[in-house]
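Novice: Next one to model:
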Amino acid sequence: MQKKNREPADGTRILIVRLSAIGDVLHATAVVHNLKRIYPNCHLTWLVSPPADSLLQNNPDIDELLVWDRRIIDKAFAQKKFGTVLHCLKEAKVLLDAHEFDIALDIQGLFLSGLLTRLSGAPRRIGIHERHEGNFLFMSEMAPDIDEPHKIRRYMTALEPLGITAADFQPGLILALTDSQRKWAKEFWRAHGIEIGNPSRPLLLINTRTTWPDKNWPAKNFGLALRQLPPSVQLVFTGAPNDIPYIEEAQQPLDRPSLSIAGETNLRELAALFAEADLLLTGDTGPLYIAEAVGLTTLSLWGPTHPTIYGPLTAGHHFILSPHNCTACCKTKCRHKTNACMNAISPTIVANELINLLK
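Specialist: I've put the predicted structure just below:
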């Protein structure tokens, strides 16, 4: 592949391909923000899949959103319904053919994202050294590989062929909330009997689950940690409907009131609620990066993944790393089948850190 370090001219039409994964989509907003900051006159279009598309609405760096649901093709491929797979790809081609692109940046590194990048028709297609699924076959050029492990900094390499280097990078995720969404959040908390903006009654949000089972801290440990907090701290559990049984298990050790709003909000509503809180306790999962994007302080728990790879790069975020000798394997399933790294995190250590942060 020929290496082409050429800066885009004013009006250059650039396609961003980052389809899914809430945290990774938000990570990619840092790339787009730096691109638009340095080349404000380029036109940026982002190809994204639900539900992550809602997090990109009103983003000031994005000129146009193209929404294509990859969940349909993933399900069809798993079920070997190749006719449906072909139909989905044809729909994507029609969507992309309605636009003309000069450059396409694949910030996902999958075979699928590479194929969509090729279908965009962009003559210049830049890939990143992220995964090895034949993605490079669809690219006209590859960004340089780097030793830096953090995902955002690796995503940023896609901009190097455009003349933007690591020295130009400014960290920060972008999730734009409207005034009406902020107003809705205040009314939501009021309706649920939660005080906001009262330093003597801090609001702690708790996210108990992640999409990787082995990134989950045991539900009972959340309860054992939270029961050690002062009674003035307001406890609210967030999550999806499937998280409710785990939240109920976490609530059992508590001898104090707590609220669960699991299943009551969509992602943008959750972001608006986060913006009014004081602290989030969570694992390495999408809500951690929603919190970063809206400026909510976080305490996150880490075992099979590591904050040097995935953690927030901005200030106000605190990490508790597992003391176990087997960590940062980055495997979705524990090879020992014990989840020992997350189990090794002490509820008392978590409680003490929460108390310090809530002072």
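
Novice: which residues of this protein fall in strands?
Specialist: With DSSP state E as the criterion, the chain has strands at 13-17, 43-48, 64-67, 103-106, 124-127, 141-142, 203-207, 234-238, 259-260, 279-283, 298-302, 317-321.

Novice: Which strands and helices lie in contact with the longest one?
Specialist: In terms of contacts (3 or more Cβ pairs under 8 Å, 6 or more residues apart in numbering; DSSP states H and E), strand 43-48 is packed against strand 13-17, helix 22-38, strand 64-67. Every residue, glycine included, has its C-beta placed from N, CA and C.

Novice: Give me the angle between the first one and helix 22-38.
Specialist: It stands for strand 13-17. Calculated by axes from the mean of the first three to the mean of the last three Cα atoms, to 10 degrees, strand 13-17 forms an angle of 160 degrees with helix 22-38.

Novice: Show residues contacting strand 13-17.
Specialist: Under the contact criterion Cβ atoms under 8 Å, 6 or more residues apart in numbering, strand 13-17 has outside partners 8, 28, 31-32, 35, 42-47, 62, 96, 99-108, 113, 116-117, 120, 122.

Novice: Which members of these are classed as buried?
Specialist: Those of the contacts of strand 13-17 that meet the buried threshold are 8, 28, 31-32, 35, 42-47, 62, 96, 99, 101-108, 113, 116-117, 120, 122, by 16 or more other Cβ atoms under 10 Å.

Novice: Residue 335: neighbouring residues, count only.
Specialist: 10 (other Cβ atoms under 10 Å).

Novice: where's the nearest residue to it once chain neighbours are set aside relative to residue 129, distance?
Specialist: Nearest residue to residue 335, sequence neighbours excluded (Cβ to Cβ, 6 or more residues apart in numbering): residue 329, at 7.1 Å. Residue 329 is 21 Å from residue 129, where distance means Cβ to Cβ, to the nearest Å.

Novice: And residue 140, by the same measure?
Specialist: Distance, residue 140 to residue 129, by Cβ to Cβ: 15 Å.

Novice: which of those two has more neighbours?
Specialist: Per other Cβ under 10 Å, whichever of residue 140 and residue 129 has more neighbours is residue 140, with 18 against 15.

Novice: Correct me if wrong: that one contacts residue 121.
Specialist: No. With contacts defined as Cβ atoms under 8 Å, residue 140 does not count as touching residue 121, sitting 11.8 Å away.

Novice: list residues touching both of these two?
Specialist: With Cβ under 8 Å, 6+ apart, residue 140 and residue 121 have no common neighbours.

Novice: Mind splitting this structure into its structural domains?
Specialist: 13-168, 180-358 (automatic domain parsing).

Novice: Identify each buried residue in stretch 225-236, please.
Specialist: Those would be 225, 226, 229, 233, 234, 235, 236, for stretch 225-236 by 16+ other Cβ under 10 Å.

Novice: Pick the one among these closest to residue 53.
Specialist: Proximity to residue 53 was ranked across the buried residues of stretch 225-236 by Cβ to Cβ; first place goes to residue 236, at 26.1 Å.

Novice: Select the helix or strand of this protein having the lowest average pLDDT value.
Specialist: The least trusted helix or strand in the chain, going by mean pLDDT, DSSP states H and E, turns out to be helix 340-343, with a mean of 92.

Novice: Angles on the backbone of residue 258, please.
Specialist: phi -150, psi 160 (degrees, to the nearest 10).

Novice: got a list of what it touches?
Specialist: Residue 258 touches 226, 235, 236, 237, 251, counting by Cβ under 8 Å, 6+ apart.

Novice: Kindly indicate which of the residues you listed lies nearest residue 284.
Specialist: Nearest to residue 284 among these: residue 237, at 17.8 Å, using Cβ to Cβ.

Novice: ok, the closest one touching residue 251?
Specialist: Yes. With contact defined as Cβ under 8 Å, residue 237 reaches residue 251; the gap is 7.3 Å.

Novice: In terms of neighbours, single out the busier of those two.
Specialist: Taking neighbours as other Cβ under 10 Å, residue 237 and residue 251 compare with residue 237 leading, 24 against 21.

Novice: quick one: low-confidence parts of the stretch 51-200 of the chain?
Specialist: 131-132 (pLDDT under 70).

Novice: Which residue ranges of it form helices?
Specialist: According to DSSP state H, counting those that start in this stretch, the stretch 51-200 of the chain carries its helices in the segments 70-78, 82-97, 111-119, 151-156, 179-191.

Novice: With distance to residue 339 added, can I get those helices in a markdown table?
Specialist: A markdown table is the format used below for the helices of the stretch 51-200 of the chain (distance: least, Cβ to Cβ, whole Å):
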| stretch | distance to residue 339 |
| --- | --- |
| helix 70-78 | 25 |
| helix 82-97 | 34 |
| helix 111-119 | 30 |
| helix 151-156 | 23 |
| helix 179-191 | 34 |
